[in-house]
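> Below are the sequence and a predicted model; questions follow.
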Amino acid sequence: MAGPAKAEATPAPVEAPRAASTGPWDGAALTQFREWEPEWVDQCLEMAQDPWTSGVLPRKDVELISLAVNAACTNLSAEGTRRHIRGALEAGAAREEILMTLKVAALLALHTCSLGAPILLEEAKAAGVDFTPTSAVTPVCDRMKAASQWNPAWDAFFEIAPAWTEAIIAVSLPVYTSGVFSPKLAELMSIAVDASITHMYAPGTRRHVQSALKLGATIDEIMEVFKICVAAGMQSINLGIPILAEELQRGVRPRGTEHPRS
């Protein structure tokens, strides 16, 4: 039974991050923006800081997932990558965990083949171009197929380049099998880089959501990953506010506000 209604208190303004490594913000850019639009910034802080303050995911996991999103080959945000490496170290991450996160960020490029190889085979067939699959020794891929761990999205590029596919699958597997990450964290990180606004790869997002749920991830935890992806959008603020401040300092005026000539 619900208790008596409480008087609604006026919420206090959300404090700016104490350090650049806390949350998605650059401290100087945030301070400047807050001088110009404090109400909007306070509202935005409440939203963007949520993964760092909610406690749904451990702080270290939040920083590592944020690092993966910022360092991803689809994003390559140097400023965000540095902030979240610093944040992950402050939260107790080991060098091996940060290196593995960077591997996730780099190997996301495999989706070029997931997208392109099926199109290549379809268009080659339509154009009447003959193709004879080559053979190669592929023990890693063979084991994955035997264990029902093979992703059908890899079929097309395995057919075209089996030896190369063996090599990239072999370097990808340690993300999930080395023990550096828990299986659940590996899946949450994979969700983040696939669902990120700079990638938005639906097949991978769905596959890793399915895997995360099977491993015991909760809906709240997976939603927290999506929130981290949204928080990475604050890089637009970190980039643009200092530039705007510099140009205003130079005396550059918006068109139409110049003083008319006498």
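That came through fine. Numbering: from 1, shown residues only.

> Show the contacting residues for residue 200.
Neighbouring residues of residue 200 by C-beta atoms under 8 Å, 6 or more residues apart in numbering: residue 194. To be clear about C-beta, it is placed using only N, CA and C from the backbone, and glycine gets the same treatment.

> quick one: it and residue 207, what's the gap?
14 Å (C-beta to C-beta, to the nearest Å).

> what's the answer for residue 38, then?
Noted for residue 38: a distance of 43 Å to residue 207, by C-beta to C-beta.

> out of the two, which sits in the busier spot?
With neighbours defined as other C-beta atoms under 10 Å, residue 38 and residue 207 compare such that residue 207 has more, 18 against 11.

> what about the residue nearest to the more buried one when sequence neighbours are not counted, neighbour count?
Of all residues not flanking residue 207 in the chain, residue 151 sits nearest, at 7.0 Å (C-beta to C-beta, 6 or more residues apart in numbering). Using other C-beta under 10 Å, residue 151 has 14 other residues around it.

> Make 40 the starting number, not 1.
Sure, I'll start numbering at 40, so the last one becomes residue 190.

> Can you name the helix or strand that the residue nearest the centre of the chain falls in?
Among the residues of the chain, the one closest to the centroid is residue 108, at 2.3 Å (C-alpha atoms, centre = their mean). Using DSSP states H and E, residue 108 sits within helix 98-110.

> Quick check: which helices or strands does that helix pack against?
Applying 3 or more C-beta pairs under 8 Å, 6 or more residues apart in numbering; DSSP states H and E, we find helix 98-110 packed against helix 89-92, helix 117-129, helix 134-146, helix 222-234, helix 258-270.

> Could you rerun that using 6 Å?
In terms of contacts (3 or more C-beta pairs under 6 Å, 6 or more residues apart in numbering; DSSP states H and E), helix 98-110 is packed against helix 117-129, helix 134-146, helix 222-234, helix 258-270.

> tell me the most buried of these?
Of the helices and strands packed on helix 98-110, the one with the most neighbours on average (mean count of other C-beta atoms under 10 Å) is helix 222-234, at a mean of 24.

> In CSV, could you pull the C-alpha coordinates for it?
Taking Å, rounded to 0.1, in the frame of the first residue of the first chain, the C-alpha atoms of helix 222-234 are listed here in CSV:
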residue,chain,number,x,y,z
PRO,A,222,30.9,-13.1,-20.4
LYS,A,223,28.2,-10.7,-19.5
LEU,A,224,30.4,-7.6,-19.7
ALA,A,225,31.7,-8.7,-23.1
GLU,A,226,28.2,-8.9,-24.4
LEU,A,227,27.2,-5.5,-22.8
MET,A,228,30.2,-3.9,-24.5
SER,A,229,29.3,-5.5,-27.8
ILE,A,230,25.8,-4.1,-27.5
ALA,A,231,27.2,-0.7,-26.9
VAL,A,232,29.5,-0.5,-30.0
ASP,A,233,26.8,-2.0,-32.2
ALA,A,234,24.0,0.2,-31.0
